[in-house]
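Student: Requesting a structural model of the entry that follows:
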Amino acid sequence: MKILFMGTPEFAVPSLQCLIEAGHSIVGVFTQPDKPKNRGMKMQAPPVKELAEKYNIPVFQPKKIKDGVAFQIVRECNPDIIVVVAYGRILGNDILDFPRLGCINVHSSLLPKYRGSAPIHWAILNGETETGVTIMHMAEELDAGDIISQVGTSITPDETVGELHDRLAVMGAQLLAETVREIELGNSTRTIQDETRVSFAPMLTKEMAKIDWEKSAQQIHNHIRGLIPWPSAVTYFADVRCKIWKSKLIDEKTQKKPGEVIRTDQTGIYMACGNSTVLLIEQLQADGKKRMSAAEYLRGNTII
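Tutor: Below you'll find the predicted structure:
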């Protein structure tokens, strides 16, 4: 089957790899333009582009998607189906309607829950214990198309966004390969999304970073692991701004006020949270410094 693939970040790489290994004809890859990165601001290609070039697949990086140029490229590629995985652009109806088998999308949630750009983050931020991957037919409304297939997975209590991201990327790729095969055979199904169960996962903002110690230890623990690596949960110790990289729930109660340090030892910093709960800070990063264990930070800094 002739497939036009659209994707940009690391999440999309396993999906493209699976389609290549399944023997499909990848007639082209759409991805975001190269961007300057790091201190040297050297131009860096998106991960999907790097994989496509490895297999000599034509790569297209239109700066706009709705000016007619992208549609002309799609026409010339003439795919049977378009597969979209974290491309980062909204497609117009001209492109959505062109392939004979339509456009499908790999989305990292169990739709209709968590439509939007940050479903993995919000699942953890909200303390969900289960999430998954959905493959759907694309519609004009964001993430609202008919569901073709889904697979679920548990979220472990200490799992971070990065860890869950990597697991879902692999799960999504495997499900995509199976789903494309079913579509090719004419065996796929369509299920309309239940609009009464819709929830959203909007973009993250820097303003979300500050830790509210009035919340329970569980909520703050979710906050910390749900904002890794950006914007990262942030607090202050002795007027020093610190990103918190790792925390642990502690089975104890405290009479100290939320935000106060209960004690410190070789395991880290014990913090008072809302509802008299306690959270252990295990890893942090002060502004301008490297990431380190809380114990290492305490050897050179006073926080009480």
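
Student: lowest average confidence, helix or strand, in this structure?
Tutor: strand 35-37 (a mean of 85; mean pLDDT, DSSP states H and E).

Student: So what are the sheet partners of the helix or strand just after it and their directions?
Tutor: As assigned by DSSP states H and E, the chain's next helix or strand after strand 35-37 is strand 42-44. Strands that pair with strand 42-44, judged by DSSP bridges, come out as strand 35-37 (antiparallel).

Student: Go ahead and measure how far the strand it pairs with is from the middle of the chain.
Tutor: In terms of CA atoms, centre = their mean, to the nearest Å, the centre of strand 35-37 is found 20 Å from the chain centre.

Student: What of stretch 230-246?
Tutor: With CA atoms, centre = their mean as the basis, the mean position of stretch 230-246 lies at 21 Å from the chain mean.

Student: which SS class is the closest residue to Glu182 other than its chain neighbours?
Tutor: Counting by CB to CB, 6 or more residues apart in numbering, Ser188 is the residue found nearest to Glu182 once chain neighbours are left out, at 4.4 Å. C-beta coordinates here come from the backbone N, C-alpha and C atoms, glycine included. Of the three states, Ser188 takes coil under DSSP: H, G, I helix; E, B strand; the rest coil.

Student: residues in contact with Asp97?
Tutor: Counting by CB atoms under 8 Å, 6 or more residues apart in numbering, Asp97 makes contact with nothing.

Student: hmm, back to that, contact partners for the residue nearest to Glu182?
Tutor: Ser188 neighbours (CB under 8 Å, 6+ apart): Ile148, Ser149, Thr179, Glu182.

Student: Flag every buried residue along the helix or strand in which the third one is found.
Tutor: In this structure, Thr179 is located in helix 161-185 according to DSSP H and E. For helix 161-185, a neighbour-count test (16 or more other CB atoms under 10 Å) marks 161, 163-165, 167-169, 171-173, 175-180, 183-184 as buried.

Student: Great, nothing more from me.
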